[in-house]
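[1] take this sequence and fold it.
(2 chains)
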Amino acid sequence: MSALLEVDGLSKRYRRGDRDFAALDGVSFSIAAGETLALVGPSGSGKSTVARILLRLVEPDAGSVRFAGEDLLVLRGAALRAVRPKLQMVFQDPLAAFNPRATVARLLDDPLRIHGIADRATRPKAIAALLERVGLSAELASRRVHEISGGQRQRVAIARAIATRPRLIVLDEAVASLDVLVRGDILRLLGELQAEEGIAYLFISHDLGAVRAIAHRIAIMDGGRIVEQGEAKAVIAAPASATGRALVAATPELPTIKETVS
Amino acid sequence: MSPLLSLRGLGVRYSGATAAALEGVDLDLAPGERLAVIGESGSGKSTLARAIAGLLPQTATLEGTIAWPGLDHPARNGRDIGFVFQDPGSSLDPVMSVGKQVAEVAHANLDMDWRAAMRLAVELLDRVRLPEPSVLAHAYPHQLSGGQKQRVAIAAAIAARPRLLIADEATSALDTIVQAEIVALIRELVAEDGMALIFVSHDIALAASFAERIAVFRHGRMVELAPTVELVAQPRSDYSRALLAAHLGLEAHSGAGI
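    Here you go, the predicted model:
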């Protein structure tokens, strides 16, 4: 089976002041339909540049991206718009970019209208169904973005992302600013949606605990390169790269009962 | 030994808010003790930290007492208390060199002339392990990484040799590797200077890695206060149990609920 997403040899250089540095240096990975790949690494390792390239916000200097059989980086105009619904994105606090006085219904109405998924008459019903899909009450539709909690906002962002029936969602630090109890709920929701609808995720994070809970495979980045790639639990149990070892060592663990706090 | 800090019935209400941000907190902190304050957003943990440091907005109403039996004068933020915020980008002055910002704390609180304060600032930048401290002292915050800025903020917080260091989510905005380095640094500085530490965090595993006691907050109340090992092994409140269960660790048994 061919992969849903195939990223091959992505490179990107930036100029900072008078020097030139590689944000990405030959990054290659693939994601199968219904699979979660975690992209993990320290700040500045290049994770977010990968996400920006997939969203076509940044053009790479070299490399290619095939998504659902199309050469994503050469698509323009109508062809690009046709692919967009299939590739969605959820950020750390995605609704922060929206008018805080907009209602939840309005946020969910946009993708349904723009991509012609539901007509005017059926949209209220489609919105209610989306809210229920992400574990929210349909009554939330009339609330304003600033009136709902962080966890509810992230559910609305996920509802917005799945409205267009995507094949892949890029989750860029999507659970990083959530309270721990809410983080668990959102990870469970993402797992359910994947099981039921076969959505693939690119899970960008520096939280190895969350990665271990949700990802099938992991790619560890440092200095714009992928330094290690493999099955998530196996890599976390025995990382081969120095960066992988440093990330594992830096992740806080609860002391076991026999351990004493010195 | 008498406590450094003693809170009795501490409550805080922000103007216009319907519920109290903090209610009925009784807590003693021993000199040199490392206490972690754990909770989710809205738990009151940051309000507690700010109330202790006298950093609440003037419109907030305080109830109960904040006493300093371990000091012979009222505690002052900057001199007796060092405070490190979550976002060093906004706690540091963007148009002042980092050396001068550290020196200013010593100049203002230790009655030190500027030359001596600048010399001390360079020593402190070295102590928080910034590279080439005498050169870096002339740099501005935007020229530093997030982790380096937090090191500068820590240098400023300890400049007047406070008895208490308060770190309010001081590592939450940093990546995992830098977070571990900053925690190790704080731990080392606290031990060397004999400072007490209040480490405010949402991450119970991080807190448990070095705190002697943990206080768990929820909805403005302290729901549990216990030695770390006891709280982790035998939490008494359902809420502490839920927080511990939500920790996603790297061991084979963890994350089973997801």
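
[2] how about B:Ser46, secondary structure?
    When classified by DSSP: H, G, I helix; E, B strand; the rest coil, B:Ser46 comes out as helix.

[3] just the one 5 residues further on next, same as before
    Following three-state DSSP, B:Ala51 is assigned to helix.

[4] verify the stated contact: it with B:Ile66.
    Yes: B:Ala51 is in contact with B:Ile66 according to Cβ atoms under 8 Å; the separation is 6.7 Å. Yep, even glycine has a C-beta here, placed from its N, CA and C like the rest.

[5] which residues do these two both contact?
    B:Leu10 (Cβ atoms under 8 Å, 6 or more residues apart in numbering or on different chains).

[6] more crowded one of these two?
    Higher neighbour count among B:Ala51 and B:Ile66: B:Ala51, with 22 against 18, using other Cβ atoms under 10 Å in any protein chain shown.

[7] for the closest residue in space to that one that isn't next to it in sequence, list each beta-bridge partner.
    Distances taken as Cβ to Cβ, 6 or more residues apart in numbering or on different chains put B:Val12 closest to B:Ala51, at 5.4 Å, once the chain neighbours are dropped. Counting by DSSP bridges, B:Val12 is bridged to B:Leu22, B:Leu62.

[8] show the pLDDT at B:Val12.
    In this model, B:Val12 is scored at 97, pLDDT.

[9] need the contact list for it.
    Neighbouring residues of B:Val12 by Cβ under 8 Å, 6+ apart: B:20-22, B:44, B:47-48, B:51, B:56, B:60-63.

[10] do you know how far it is from B:Ala49?
    B:Val12 sits 11 Å away from B:Ala49 when distances are taken as Cβ to Cβ, to the nearest Å.

[11] helix, strand or coil for the residue nearest the centre of chain A?
    Note on chain A: the residue nearest the mean C-alpha position is A:Leu171, at 1.2 Å, using Cα atoms, centre = their mean. Secondary structure state of A:Leu171, per three-state DSSP, is strand.

[12] closest point of chain B to chain A, which residue?
    Closest to chain A within chain B is B:Leu248: 3.2 Å, counting by Cβ to the nearest Cβ.

[13] do you know how far that residue is from A:Leu254?
    In terms of Cβ to Cβ, B:Leu248 sits 11 Å off from A:Leu254.

[14] neighbour count for the two, which is higher?
    Ranked by neighbour count (other Cβ under 10 Å), B:Leu248 and A:Leu254 place B:Leu248 first, with 23 against 20.

[15] for B:Gly32, see how far away the more buried one is.
    Using Cβ to Cβ, we find B:Leu248 at a distance of 32 Å from B:Gly32.

[16] please apply the same query to B:Ala170.
    Computed with Cβ to Cβ, the distance linking B:Ala170 and B:Gly32 is 19 Å.

[17] please apply the same query to A:Ser149.
    38 Å.

[18] the two: who's more crowded?
    Between A:Ser149 and B:Gly32, counting by other Cβ under 10 Å, B:Gly32 is the more crowded of the two (18 against 13).

[19] pretty sure the more buried one sits against B:Glu212.
    No: using Cβ under 8 Å, B:Gly32 makes no contact with B:Glu212, being 9.5 Å away.

[20] partners of the residue nearest the centre of chain B in the sheet?
    What sits nearest the mean C-alpha location of chain B, by Cα atoms, centre = their mean, is B:Ala167, with 1.4 Å. When bridges are called by DSSP bridges, B:Ala167 pairs up with B:Val84, B:Phe199.

[21] now do the contacts for it.
    B:84, B:186, B:197-200.

[22] among the residues you listed, which two are most distant?
    Greatest spatial distance among the contacts of B:Ala167 (Cβ to Cβ): B:Ile186 and B:Val200, at 12.0 Å.

[23] so how do I select the buried members of the contacts of B:Val12 in ChimeraX?
    Those of these that count as buried under 16 or more other Cβ atoms under 10 Å in any protein chain shown are selected in ChimeraX with:
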select /B:20,21,22,44,47,48,51,56,60
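
[24] quick check: of the contacts of B:Val12, which lies closest to A:Arg217?
    B:Gly44 (40.4 Å).

[25] for the closest one, give me its contacts.
    By Cβ under 8 Å, 6+ apart, the contact list for B:Gly44 reads B:12, B:21-23, B:217, B:219-221.

[26] ok so, going back, out of the contacts of B:Ala167, who has the most neighbours?
    Counting neighbours by other Cβ under 10 Å, B:Phe199 leads the contacts of B:Ala167 with 28 neighbours.

[27] quick one: the strands in the chain?
    This is for chain A. A:5-16, A:19-31, A:36-40, A:62-67, A:70-71, A:87-90, A:168-172, A:200-205, A:217-222, A:225-231 (DSSP state E).

[28] chain B is the one I meant
    Going by DSSP E, chain B shows strands at B:5-13, B:22-29, B:34-38, B:61-67, B:81-84, B:164-168, B:196-201, B:213-218, B:221-227.
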